[in-house]
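[1] quick check, what structure comes out for this input:
(4 chains)
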Number of protein chains: 2
Amino acid sequence: MAIKKKERAVCEVSCDHPETVSLAKKELIPARQAQQAAELFKALGDATRVKMLRALAKRELCVCDIAAVIKMSQSAVSHQLRVLRGARLVKYRKEGKRAWYSINDRHVAALLLQGIEHVRHA
Amino acid sequence: MAIKKKERAVCEVSCDHPETVSLAKKELIPARQAQQAAELFKALGDATRVKMLRALAKRELCVCDIAAVIKMSQSAVSHQLRVLRGARLVKYRKEGKRAWYSINDRHVAALLLQGIEHVRHA
DNA sequence: ACTACATATGAGCAGATATTCATATATAAC
DNA sequence: GTTATATATGAATATCTGCTCATATGTAGT
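    Reported below is the predicted structural model:
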């Protein structure tokens, strides 16, 4: 009974196809990788950030230029840039008062564009 | 004064580089596309869904098998499958009581794997 | 030192999200 | 029909997110 209760806590149904399930379990993505991939996609999963990244993929821009281009407040842009920095999707350099942002590398750009292309043809 | 207030509502700073900004504005991704791409990435932006999709990319699985593989409740899996269906990331067929799910197409699989590869080498 | 400006950040709030629990729906076996 | 099983879904809840507003930090010019 204790055992039955424990099993229920994990999975309350029992239609399992043992070989398939054990194979799939062996090939299951490690939790850490899944979490990191999810965080990457999550950082891409906001319309404001997609607009920003798409613009930054074309050219380096300073914060207030980004704000002007996508028509959002400087504060909102700055907060979102922090998210993008945290996910290593953008890099930046300081020049006097300005901070010039650009997309981090071509892999990020490729991923972004692939997502955009996918919805364009769907 | 009314005008100044309106401008502030859009962008309260004024360090714009006019040519760069107007170029970037011209190339700005349409709002609708940005929204759709964001929704696509958002659907990929959860560790549970990444695990599910990664498993479904390898083979077709029924709901309770998915639950067993990723060790989550049937209900939680079913709710997440709805999200994945909504984003057209998975397809399914009914066979008696069972629902067999698989990844929708190779573009989705490619996008997923590209994201996973990116975090693996980062 | 003082002012102006560009950017970053913390608090607060409104809306979204992921899970659990209970239940509904649908199919199959008896 | 009744019962068992597989899946779907609604409600409730706790957590997270994205924005605004106010303010802090840092740099340049006077």
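
[2] residues near the closest residue to DNA strand D within chain A, how many?
    Nearest to DNA strand D, among the residues of chain A, is A:Cys15, at 2.6 Å (C-beta to the nearest atom of the strand). Using the backbone N, CA and C atoms, a C-beta is placed for each residue, glycine as well. By the criterion of other C-beta atoms under 10 Å in any protein chain shown, A:Cys15 has 13 neighbours.

[3] identify each buried residue in stretch A:84-96, please.
    Buried positions in stretch A:84-96, judged by neighbour count with 16 or more other C-beta atoms under 10 Å in any protein chain shown: A:84, A:87, A:89-92.

[4] got the contact list for A:Ile116?
    A:50, A:54, B:29, B:33, B:37 (C-beta atoms under 8 Å, 6 or more residues apart in numbering or on different chains).

[5] so A:Met52 touches A:Ile66, yeah?
    Yes. A:Met52 is within contact range of A:Ile66, at 5.8 Å (criterion: C-beta atoms under 8 Å).

[6] overlap in contacts of the two?
    Joint contacts of A:Met52 and A:Ile66 (C-beta under 8 Å, 6+ apart) are A:77, A:81.

[7] so which of those two has more stuff around it?
    A:Met52 (28 against 23).

[8] tell me the spacing between the more buried one and chain B.
    9 Å (C-beta to the nearest C-beta, to the nearest Å).

[9] what sits up against the helix or strand harbouring that residue?
    Assigned by DSSP states H and E, A:Met52 belongs to helix A:47-58. With contacts defined as C-beta under 8 Å, 6+ apart, helix A:47-58 is touched by A:43-44, A:61, A:66, A:69-70, A:72, A:76-77, A:80-81, A:83-84, A:89-90, A:101-103, A:108-109, A:112-113, A:116, B:24, B:27-29, B:31, B:34-35, B:37-38, B:41.

[10] list buried residues within these.
    A:43-44, A:61, A:66, A:69-70, A:72, A:77, A:80-81, A:83-84, A:89-90, A:101-103, A:108-109, A:112, A:116, B:24, B:28-29, B:34-35, B:37-38, B:41.

[11] all strands for chain A, in order.
    Using DSSP state E, the strands of chain A run over A:61-62, A:90-95, A:98-103.
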